[in-house]
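Chemist: I'll drop the sequence and a predicted model, then ask my questions.
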Amino acid sequence: MYSFKDDYSELGHERVLTNLLKISNKQLDGYGMDIISAQAKELIKNIFCMPNADIHFLSGGTQTNLVFINSVLSSIEAVIAADSSHICVSECGAIEHNGHKILTALNKSGKLLPSDIEAICAEHINEHRVKPKLVFVSQSTELGTVYTKKELENLFETCKKHCFYFYIDGARIGTALVTDNDVKPEDFSALCDAFYIGGTKNGSPLGEALCIINQNLKNDFRYYLKQHGAMLAKGSLTGSCFKTLFEDNLYFDLARYANKMSQKLAKAFTNNGYKMFTNSPTNQIFPILPNKKIEELQKFYKFHVWEKIDDNNSVIRLVCSWATDENEVDRLIAVL
């Protein structure tokens, strides 16, 4: 049974794995201080035009969000996020477990708005409630939507107005960057205080690259890495993965293919009269289907039933990856 449940079921791209084998017997410095990790960081700095950023490689998205947020917030401070955000629905209360409340805004598109931030600020005005300090968004969002450059600029300006930090979860930043959206890699250094580049969901066996731009947030971060068990002794593992991904545009080529497969599916669904729950140009799509049709598709494919619309219809989520078999995409289309 073929799976459209996620974009990390396949271990990793062949070039990434081949290059790991090439260094398997080399003696390299540990804890991310090796030459390969340094080369990977320089590639990322050049592509994203952020020569002064601090870059740290971590193993996964939940770990990255947890360690970074915990490193910048005091015990009285909280996070603002959309109610559909990854830290709210998919991280087992990791942020709250470390003592930081998440203040959520209701939404249907996956996007947080400046007005959401203002509304939350208006409710948190004294010491009887937690103090908002960091705004969290994802690019692309959990619903496959993508923030425009103007939308991110407006959010960052709102954060500056309130002296908040602005942090972007980039688990699927690759698929966002290769859409027709106007946000480019070189824009990020001026759009936020920190963000991360997802490798796990775009061809790497593991790994995320946290990019800290705000100088005030850089100090002592490696101490937090170690304290949270997030400092890999064999840091060259993640370093090598990112070095390969950012050589010869492989990272963006893989994301572009994932989008191509998902949009091929999206077109087929709409051509067959089905509506979409969100307008997603990325590798996640959310068709609304009759429950009977969903049961039919589940005989052949794995996917998530995302949300109930009414007694007869539900939203499903289909995710394509860098390794999605186009023959399976065509077979699913045929079933429609």
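Modeler: Sure, I can see it.
Chemist: When you work out contacts or count neighbours from here on, use the C-alpha atoms and nothing else.
Modeler: OK.
Chemist: helix or strand for Tyr31, which one?
Modeler: For Tyr31, there is no enclosing helix or strand under DSSP states H and E.
Chemist: list the contacts for Asn291?
Modeler: If you count contacts by CA atoms under 8 Å, 6 or more residues apart in numbering, Asn291 has them with Asn312, Asn313, Ser314.
Chemist: can you do 6 Å?
Modeler: When contacts are counted by CA atoms under 6 Å, 6 or more residues apart in numbering, Asn291 touches Asn312, Asn313.
Chemist: from here on, count from 277
Modeler: Got it, the first residue is 277 from now on, which makes the last one we talked about Asn567.
Chemist: gap between it and Val355?
Modeler: Counting by CA to CA, to the nearest Å, the separation of Asn567 from Val355 is 36 Å.
Chemist: Over to Gly549?
Modeler: Computed as CA to CA, the Gly549 to Val355 distance reads 40 Å.
Chemist: neighbour count winner among the two?
Modeler: Val355 (25 against 10; other CA atoms under 10 Å).
Chemist: what packs against whichever strand or helix holds the more buried one?
Modeler: With the criterion set as DSSP H and E, the secondary-structure element containing Val355 is strand 353-358. Counting contacts by 3 or more CA pairs under 6 Å, 6 or more residues apart in numbering; DSSP states H and E, strand 353-358 packs against strand 378-381, strand 407-414.
Chemist: Let's see that with 10 Å instead.
Modeler: With contacts defined as 3 or more CA pairs under 10 Å, 6 or more residues apart in numbering; DSSP states H and E, strand 353-358 has these neighbours: helix 337-348, helix 362-365, helix 370-373, strand 378-381, helix 390-399, strand 407-414, strand 441-445.
Chemist: Nearest to Ala509, out of the ones you listed?
Modeler: Set against Ala509 and scored by CA to CA, the helices and strands packed on strand 353-358 come closest in helix 337-348, at 15.9 Å.
Chemist: how far off strand 407-414 does that closest one point, in degrees?
Modeler: Orientation note: helix 337-348 sits at an angle of 150 degrees relative to strand 407-414 (axes from the mean of the first three to the mean of the last three CA atoms, to 10 degrees).
Chemist: how far is helix 337-348 from where the chain is centred?
Modeler: Here helix 337-348 is found 13 Å from its chain centre; the criterion is CA atoms, centre = their mean, to the nearest Å.
Chemist: Turn the helices and strands packed on strand 353-358 into JSON lines, including distance to Tyr527.
Modeler: Rendered in JSON lines, the data for the helices and strands packed on strand 353-358 read as follows (distance: least, CA to CA, whole Å):
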{"stretch": "helix 337-348", "distance to Tyr527": "17"}
{"stretch": "helix 362-365", "distance to Tyr527": "22"}
{"stretch": "helix 370-373", "distance to Tyr527": "29"}
{"stretch": "strand 378-381", "distance to Tyr527": "32"}
{"stretch": "helix 390-399", "distance to Tyr527": "31"}
{"stretch": "strand 407-414", "distance to Tyr527": "18"}
{"stretch": "strand 441-445", "distance to Tyr527": "17"}
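Chemist: nearest to Phe432, of these?
Modeler: Proximity of these to Phe432 was assessed by CA to CA; the nearest stretch is strand 441-445, lying at 6.2 Å.
Chemist: So which bits of that closest one are buried?
Modeler: Buried positions in strand 441-445, judged by neighbour count with 16 or more other CA atoms under 10 Å: Tyr441, Phe442, Tyr443, Ile444, Asp445.
Chemist: Leu467 versus Pro461, what's the distance?
Modeler: Here the criterion is CA to CA. By it, Pro461 lies 11 Å from Leu467.
Chemist: The two: who's more crowded?
Modeler: Leu467 (23 against 17).
Chemist: any idea of the pLDDT on the spatially most central residue of the chain?
Modeler: Centroid-nearest residue in the chain, with CA atoms, centre = their mean: Ala447, separated by 2.0 Å. The predicted structure scores Ala447 at 98 on the pLDDT scale.
Chemist: In contact with it, which residues?
Modeler: With contact set as CA atoms under 10 Å, 6 or more residues apart in numbering, Ala447 has these partners: 336-338, 340, 362, 414-418, 471-478, 483-485.
Chemist: And Ile488, by the same measure?
Modeler: If you count contacts by CA under 10 Å, 6+ apart, Ile488 has them with 326, 328-332, 344, 443, 465, 468-472, 494, 497.
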